[in-house]
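> coords please:
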Amino acid sequence: MKKKDLIEQLVSEIETGRVRTLGIYGHGASGKSTFAQELYQALDSTTVNLLETDPYITSERHLVVPKQAPDQKVTACLPVAHELASLQRDILALQAGMDILTIDEPGRLVRSCPDSNRF
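As a prediction, the model looks like this:
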């Protein structure tokens, strides 16, 4: 499927309310943020939120290396590299129609969509 067709299909699913929360995942530098931005631009920004996960990546100094792979590097592609409790809290808050403060810009407020049933 071509990217343009996928974006059109996702826009339709989101606008009809069949999709409330969409997660985009993949390897680092695979184009996730670029795709998310393109999808976001195709949607009505007053009815959707875009929450990027890069600010939730923890500093590697806080990571514990598993005993099974002491010589392996922990990268941002692994869930252990993210502050998942904060990410979950923020996703749930947005889904409930609440505002959140961003981690990357603590003074910046992300306002919830007026229609809290859509994300």
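> Show the pLDDT at residue 41.
Per-residue pLDDT puts residue 41 at 97.
> now the strands for the protein?
100-101, 109-110 (DSSP state E).
> which residues of this protein score low on pLDDT?
By pLDDT under 70, the weakly predicted segments of the chain are 60-70, 72-75, 103-109, 113-119.
> Looking at the strands of the chain, spot the one closest to residue 50.
strand 109-110 (8.9 Å; Cβ to Cβ). In this view, the C-beta of every residue, glycine as well, is placed from N, C-alpha and C.
> Now the residue lying closest to residue 37 once chain neighbours are set aside, what are its backbone angles?
Of all residues not flanking residue 37 in the chain, residue 50 sits nearest, at 7.5 Å (Cβ to Cβ, 6 or more residues apart in numbering). Note on residue 50: backbone dihedrals following degrees, to the nearest 10 are phi -120, psi 120.
> Test my guess that residue 50 contacts residue 38.
No: here residue 50 lies out of contact with residue 38, judged by Cβ atoms under 8 Å, at a distance of 11.0 Å.
> Contact partners for residue 112?
By Cβ atoms under 8 Å, 6 or more residues apart in numbering, the contact set of residue 112 is 49, 93, 94, 96, 97, 98, 99, 100.
> thinking again about what came up before, now do the contacts for the residue nearest to residue 37.
36, 37, 40.
> Mind giving me the ChimeraX select for the residues you listed, buried ones only?
Here is the ChimeraX selection string for the buried members of the contacts of residue 50, based on 16 or more other Cβ atoms under 10 Å:
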select :36
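> And the helices in the chain?
3-15, 32-42, 84-95 (DSSP state H).
> Among the ones you listed, which comes closest to residue 57?
It is, among these and with distance given as Cβ to Cβ, helix 84-95, at 10.0 Å.
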